[in-house]
Structures are given as structure tokens and as C-alpha cells.
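**Student:** A predicted structure for the sequence below; I have some questions about it.
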Amino acid sequence: MQESPRRPVLTDMQMDAAVANMLRFGISLAATLMILGGWFYLQHPTMQPADYAHFHGSATDLHNLGKVLTGSRLADSTSVLELGIVLLIATPVARVALCVVDFARQRDRLYVAVSFSVLLVLLYSLFRGGH
């Protein structure tokens, strides 16, 4: 009977490079979205000067990720900015998730447990922290 081929175990340097590349990509994409959203905002034909004498809260529909994605596809400036912020928040969470996967591939149970605990705390605070 033939043994199934095993995935090669990542070295620490390969894991560091994968995490660094993922962080670099996430931050670059978030920055690009923020710049694009700012450009859309400045191009808006009915842009009024800011009134700092009175506080005006943001639209409540931007707290729904589906509406943010829909608005981003329509090049709505606030939606594109909000998507950039969401991506900026999601990048470190994705880093921890990548570490969980990489440590599992290395069969390092202690680091899997610690990283998974950190991931659970991050996800809990992300989805339930404001409630």
C-alpha cells in the first residue's frame, strides 16, 4: 500500500515570509481603497464645506457589510472608505488565522492552541464587542 504524500512542513523562515507577505498585501490593499475612496469623495459634485459647529453622525447603513460591499461596487465614496477600514481591521485577524494554519501544519499543538485562543478573542471582540 502506498503512503499518501505529506505536505512539506514550513520552516520558520517560510512562515515568517508568508505572514509578512500577507500583511503587506492586506495593508497595501486597504491603503489603496482608502486613497480611492478619498478621491471619490473629493470628486463628488455636491460636496459641501464641512460644518464643524454641529455634529452629524454617520449613516447607519454603513455598519452592514453587505451594504458596504454594494456601495463599493457602485463607487460610493463612504462605502469604499468603510471597506478600506474593514480590510485594515481584518488584516491582523487574518494574520492570526494564518498562524493557526501554519502551526497546525508544523504540528505544534501549543502554538496552535495559543493562536486559536487569540483568534477566538479577536473574533468575539470584533462581532460582539460593540454590543
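**Tutor:** Great, that's in hand. Numbering: from 1, shown residues only.
**Student:** Quick check: closest non-adjacent residue to Val96.
**Tutor:** Leu119 (4.7 Å; CB to CB, 6 or more residues apart in numbering). Every residue, glycine included, has its C-beta placed from N, CA and C.
**Student:** pretty sure that neighbour contacts Val100?
**Tutor:** Yes. Between Leu119 and Val100 there is a contact at 5.9 Å, judged by CB atoms under 8 Å.
**Student:** And the residue nearest the centre of the chain, how far from Trp39?
**Tutor:** What sits nearest the mean C-alpha location of the chain, by CA atoms, centre = their mean, is Ala90, with 2.0 Å. To Trp39, Ala90 is 22 Å away according to CB to CB, to the nearest Å.
**Student:** do the same with Asp102
**Tutor:** 37 Å.
**Student:** tell me the SS of the residue nearest to Val96?
**Tutor:** helix (DSSP: H, G, I helix; E, B strand; the rest coil).
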